[in-house]
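Visitor: quick one, what's the 3D model for this:
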Amino acid sequence: MSTTTIALTVIARPVAHLTLTAWSDRDDRQPLPRGTVDDASHRNQTQVTIKQVKSQPGVTEVILQSVLRDALRQGKKVSYSCGFSFCG
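Guide: Numbering: from 1, shown residues only. A predicted model of the protein is given here:
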């Protein structure tokens, strides 16, 4: 009997905490304005220019060179994302 009481006492507080946290959790994020991105903390909203490049041999390289050249000229940073989890 005392083992059960001790086990319940030890387990009750974390279970109550997790239950209360799950109960009060809300997804209150606002949609980002077009042309902005944000990090996971939602405290670093940044203006971006998005260039979507389709995979076309020859054309893709020319577009990418143009984007990189413009960014260099304007002193902007470039980030790459292929949009798929299997990108290489």
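Visitor: name the nearest residue to Thr36, sequence neighbours excluded.
Guide: Of all residues not flanking Thr36 in the chain, Gln45 sits nearest, at 5.3 Å (C-beta to C-beta, 6 or more residues apart in numbering). (Each C-beta comes from the backbone N, C-alpha and C, glycine too.)
Visitor: thought the one you found was touching Val37?
Guide: Yes: under the contact definition of C-beta atoms under 8 Å, Gln45 touches Val37, with a separation of 7.5 Å.
Visitor: measure the residue nearest to Thr36 to Ser81 for me?
Guide: 17 Å (C-beta to C-beta, to the nearest Å).
Visitor: quick one: the strands in this structure, in order.
Guide: Under the criterion DSSP state E, strands of the chain are mapped to 36-37, 46-47.
Visitor: what lines up beside the first one in the sheet?
Guide: So that's strand 36-37. Here strand 36-37 has these sheet partners by DSSP bridges: strand 46-47 (antiparallel).
Visitor: what number of residues lie near Ala71?
Guide: Under the neighbour criterion other C-beta atoms under 10 Å, Ala71 is assigned a count of 14.
Visitor: pretty sure it sits against Val78.
Guide: Yes: judged on C-beta under 8 Å, Ala71 makes contact with Val78 at a distance of 4.9 Å.
Visitor: can you pull out the helices in this structure?
Guide: In chain order, the chain shows helices spanning 2-24, 59-74, with DSSP state H as the criterion.
Visitor: out of the ones you listed, flag the one nearest Thr49.
Guide: Thr49 sits nearest to helix 59-74 of all the helices of the chain, at 8.6 Å, using C-beta to C-beta.
Visitor: residues contacting Arg43?
Guide: Neighbour list for Arg43: empty [criterion: C-beta atoms under 8 Å, 6 or more residues apart in numbering].
Visitor: thinking again about what came up before, quick check: phi and psi at the residue nearest to Thr36.
Guide: phi -70, psi 130 (degrees, to the nearest 10).
Visitor: how far away is Thr19 from Glu61?
Guide: Thr19 sits at a distance of 55 Å from Glu61 (criterion: C-beta to C-beta).
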